[in-house]
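Peer 1: What follows is a predicted structure for the sequence shown.
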Amino acid sequence: MQRCDWAGEDPIYQAYHDTEWGVPEYDSRALWEKLILDGFQAGLSWITILKKRDNFRAAFAGFDPHQIAEWGEADVLRLLSDPGIIRHRGKIEAAITNARAWQELEAREGFDSFMWRYVDGVPLQPGFATQAEVPPKTALSEQVSKDLKKAGFKFCGPTITYAWMEACGLVNDHILTCHRHDPCAAMAR
């Protein structure tokens, strides 16, 4: 079975690749959770986040943005002492800020609608033949990043944003020979 090169030999990575990565995500809260996790990944490997994802979900109240938006310094300190997650004050504070920004966007137009309009509701299908062709960011991810920051989000630079767009299926960057390319392409609404 052919996979994208980045999935490697780690069973956790392979399971993520085979079941989640590139599958179009249309749920506002789930999109937000993935954006937060991609922000925590900045400067680290994605496998680190995958291995800690259940700990993150427990520490961050199941990634309920309404609950997290109410958090303050006591919660930041609690999270900074939690060895099960990435203990980075800036990223923790950004998650709280991003919960508040998500609430505003969700109330105004829906976070899912806000995000999916960038691709007119249909995942982009670049059709890369090799992993080397897949860019770390694009003009579109730069625009999405800029707009997210304008809406009050943090830790959402263009590289993080592009990785998030790939993970959430806004862009199908499974290489053409990957066994997941065609099934993910077929999932587009």
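Peer 2: The structure has been received and is ready for your questions.

Peer 1: pLDDT below threshold where in the protein?
Peer 2: 189 (pLDDT under 70).

Peer 1: residue ranges of the strands in it, please?
Peer 2: Taking DSSP state E, the chain contains no strands at all.

Peer 1: how much space between F60 and G22?
Peer 2: Relative to G22, F60 is positioned 24 Å away (CB to CB, to the nearest Å). C-beta here means a position set from N, CA and C on the backbone, and glycine is covered the same way.

Peer 1: Next, the buried residues of stretch 124-142.
Peer 2: Across stretch 124-142, burial judged by 16 or more other CB atoms under 10 Å covers 124-125, 128, 134, 137-138, 140-141.

Peer 1: I meant stretch 171-178, not that one.
Peer 2: Neighbour-count burial for stretch 171-178 [16+ other CB under 10 Å]: 171-175, 178.

Peer 1: got the contact list for it?
Peer 2: Residues from elsewhere that reach stretch 171-178, judged by CB atoms under 8 Å, 6 or more residues apart in numbering: 2-5, 21-22, 119, 123-131, 133-134, 162, 165-166, 180-181, 184-185.

Peer 1: repeat for stretch 57-71
Peer 2: By CB under 8 Å, 6+ apart, stretch 57-71 touches 29, 32-33, 36, 56, 79, 82, 84-85, 95-96, 98-100, 102-103, 106.
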